[in-house]
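Enquirer: any chance you could fold what I've pasted below:
(chains A and B)
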Amino acid sequence: EIVFLIATMLSEDNESTNSKTINDLPMEILHKIFVHLELRDRLNARLCCSTVEKAVASADLKCVGMDLNYDSRNSACKILLDRCEVFTCKTRFTSQRNSRLFSKLHVQLITIREVRLIDVPAVNVILNACTFDILAVHLSPNQWLSSRIHELIARAEKGVDIFTNRFVATSSQFRSLSRPVTFHFDKEWKPENDDLFLEILLRGHSFPRLDIKLQSEHTLIEAIEIISEAVIPQKMYISYMKNGHLKTLLRLTNAKETGNSAFEYGTEYSYLRSLIFQRTQGSGDLLVTSSAFDEHRELYDDCCENLNRMSLFNNLDERSLGVSGKSILR
Amino acid sequence: RIYPLMRVTLTTSDGASVTVSRQLTKHSGFIEKAITDMAVDDNAVPLSAVAVDVDDATLKLVIEWLTEHRDDALPYPEKTDEERRADDIPAWDQAFVQKWDTKEDQQQTLYAVITAADKLDIKGLLDMTCKTLANKINGKTVEEMREILQLECDFTEEELAEIRKENAWCEN
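Expert: Model (predicted):
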């Protein structure tokens, strides 16, 4: 049997270099251990001994969430970092004094519940000291995004969510956004004109849910075209449309029935049927799905007076929509 | 391509040797690199030998873990920044580590396996053992941490006071 010997790679003194205590572990390994600790545990660990303190100081701190809010009781802003209250009127974060708490601070989700607090200098220091994946901004009624928020939007590494219960943005304000944003808006929106809605779609912005009243059925066609050409998978869910307009829409989009009983017209509740337009990943097809809402008869009474009314869902799990049939839009 | 019939003899730092299947050593970046660097023809050379800077007792534990994980997918998935969780250790791995708790030198065993996983570049084992150690000190007081990690406080009172002052940033 042939044996191939590979040169020894032992250390010169040929003694085992096994670690006896945590102090003997290389700094890279200590970083791998401390990265799994929550902030409060890291703070305790740094009081253990000088080696661990050095390891914590040079290890990145990765937090799940940073929550910025106004503390009305103390009339001060409050920052929660992974459930630890890290900033109030009593204590201040300064990059000089707190330089040994972490090497780099990375937060998965920064939630700004009170936009005015962004202008507090000490808040700015901690926001400038960290990187983050997702930025969530809660806007008050009639409030829009400040230039400082725009800067933070540009720095978000994965995405931006904006929560508002009143849409006041104009076309130029939407244009000023440097990246696609997800808008969470849970009331009906009546844009000044349909073009504004189409421009929002064109710019890649999305809505987990948007109830919108449009002026023209042709806007729907354009919206479907935009979604069908989108790079990322998108889904549009149209409901509460009068039977006649549903037929018009299908005719204008040349939708053809390819599934079972996807589109059944002439039945008593056909006007309550809804359509889901979904851009599917990987294929160039736009999926049109029909879903019955017969059991929600009371909704019809409220909605049938509207010419076109639709709810827009993006990136939703299809299972939550009660899909009952499919057809491909051609 | 890995030839599972090929075997590798590992020589430990304390002079012992153990022969294992290439199916196990493929999880070690260090051993794979050593074999690759020598341009061994797996078909012609059914047995290779590699010296490792790990003692016999620790290597046996490493091989036990490798045997259980021989079918794990390679390469080991890179962790993303947000994957800080340490509560996802598989049940077999948890039992594997818990066995050491009965040993007097349980902490040294854990350190030894961590060091071996690092030296042999076995990412899955290194990841699991680091999480295990993190879990041991998670939620513990300073005194408890010192006891678990067997550490002596080498700070002066002034230094401790300074660190506490810095920690006050988030100890409200």
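
Enquirer: isn't A:L198 up against A:A223?
Expert: Yes - using C-beta atoms under 8 Å, A:L198 and A:A223 qualify as a contacting pair, with a distance of 6.5 Å. Heads up, the C-betas are built off the backbone N, CA and C, glycines and all.

Enquirer: now do the contacts for A:K158.
Expert: Neighbour list for A:K158: A:D133, A:I134 [criterion: C-beta atoms under 8 Å, 6 or more residues apart in numbering or on different chains].

Enquirer: ok, B:A134 next?
Expert: A:I33, A:F34, A:H36, A:L37, B:A86.

Enquirer: separation between it and A:I33?
Expert: Distance of B:A134 to A:I33, given as C-beta to C-beta, to the nearest Å: 5 Å.

Enquirer: residue of the stretch 151-300 of chain A nearest chain B, please.
Expert: Per C-beta to the nearest C-beta, A:E157 is where the stretch 151-300 of chain A lies closest to chain B, at 8.9 Å.

Enquirer: may I have the phi/psi pair for that residue?
Expert: phi -80, psi -20 (degrees, to the nearest 10).

Enquirer: what's the domain layout of chain B?
Expert: For chain B, automatic domain parsing gives the domain ranges B:7-78+B:86-138, B:139-172.

Enquirer: next one, pLDDT for residue 151 please.
Expert: All of this refers to chain A. A:E151 is assigned a predicted lDDT (pLDDT) of 93.

Enquirer: hm, I was asking about chain B
Expert: For B:L151, the pLDDT comes out at 89.

Enquirer: mind checking what secondary structure it has?
Expert: coil (DSSP: H, G, I helix; E, B strand; the rest coil).

Enquirer: quick check: closest non-adjacent residue to it.
Expert: Nearest non-adjacent residue to B:L151, counting by C-beta to C-beta, 6 or more residues apart in numbering or on different chains: A:C49, 4.7 Å away.

Enquirer: about what we covered before: quick one: which of A:L198 and A:A223 has more around it?
Expert: It is A:A223, of A:L198 and A:A223, that has more neighbours when counted by other C-beta atoms under 10 Å in any protein chain shown, with 23 against 17.

Enquirer: A:D161 versus that one, what's the distance?
Expert: Distance from A:A223 to A:D161, by C-beta to C-beta: 22 Å.

Enquirer: what of A:L196?
Expert: 20 Å.

Enquirer: same for the lowest-mean-pLDDT helix or strand in chain B, what does it pack against?
Expert: Across the helices and strands of chain B, the lowest-confidence element by mean pLDDT, DSSP states H and E is strand B:47-51, at a mean of 78. Applying 3 or more C-beta pairs under 8 Å, 6 or more residues apart in numbering or on different chains; DSSP states H and E, one finds that strand B:47-51 contacts strand A:3-5, strand B:7-11, helix B:29-37.

Enquirer: what's the helix or strand that the shortest one is followed by packed up against?
Expert: Using DSSP states H and E, the helix or strand that follows strand A:3-5 towards the C-terminus is helix A:27-34. The helices and strands touching helix A:27-34, judged by 3+ C-beta pairs under 8 Å, 6+ apart, are helix A:50-58, helix B:106-119, helix B:123-137.

Enquirer: A:W189: which of those helices is closest?
Expert: Nearest to A:W189, of all the helices and strands packed on helix A:27-34, is helix B:123-137, at 46.6 Å by C-beta to C-beta.

Enquirer: from the chain's centre, how far out does the least confident helix or strand of chain B sit?
Expert: On the basis of C-alpha atoms, centre = their mean, to the nearest Å, strand B:47-51 sits 21 Å off its chain's mean C-alpha point.

Enquirer: do the same with stretch B:126-138
Expert: In terms of C-alpha atoms, centre = their mean, the centre of stretch B:126-138 is found 10 Å from the chain centre.

Enquirer: using CSV, write out every CA atom in it.
Expert: Presented in CSV, the C-alpha positions along stretch B:126-138 are these (Å, rounded to 0.1, in the frame of the first residue of the first chain):
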residue,chain,number,x,y,z
LEU,B,126,-16.2,26.2,15.9
ASP,B,127,-19.6,27.9,15.5
MET,B,128,-21.3,25.3,17.7
THR,B,129,-18.7,25.5,20.5
CYS,B,130,-18.6,29.3,20.5
LYS,B,131,-22.4,29.4,20.8
THR,B,132,-22.2,26.9,23.6
LEU,B,133,-19.8,29.0,25.6
ALA,B,134,-21.9,32.1,24.9
ASN,B,135,-25.0,30.3,26.2
LYS,B,136,-23.1,29.4,29.4
ILE,B,137,-22.6,33.1,30.3
ASN,B,138,-25.8,34.5,28.8
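
Enquirer: returning to what we had before: can I get the helices and strands packed on strand B:47-51 in JSON lines with mean pLDDT, mean neighbour count and distance to A:W189?
Expert: What follows is the helices and strands packed on strand B:47-51, written out as JSON lines (pLDDT from 0 to 100; neighbours: other C-beta atoms under 10 Å in any protein chain shown; distance: least, C-beta to C-beta, whole Å):
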{"stretch": "strand A:3-5", "mean pLDDT": "43", "mean neighbour count": "13", "distance to A:W189": "73"}
{"stretch": "strand B:7-11", "mean pLDDT": "86", "mean neighbour count": "20", "distance to A:W189": "66"}
{"stretch": "helix B:29-37", "mean pLDDT": "85", "mean neighbour count": "17", "distance to A:W189": "55"}
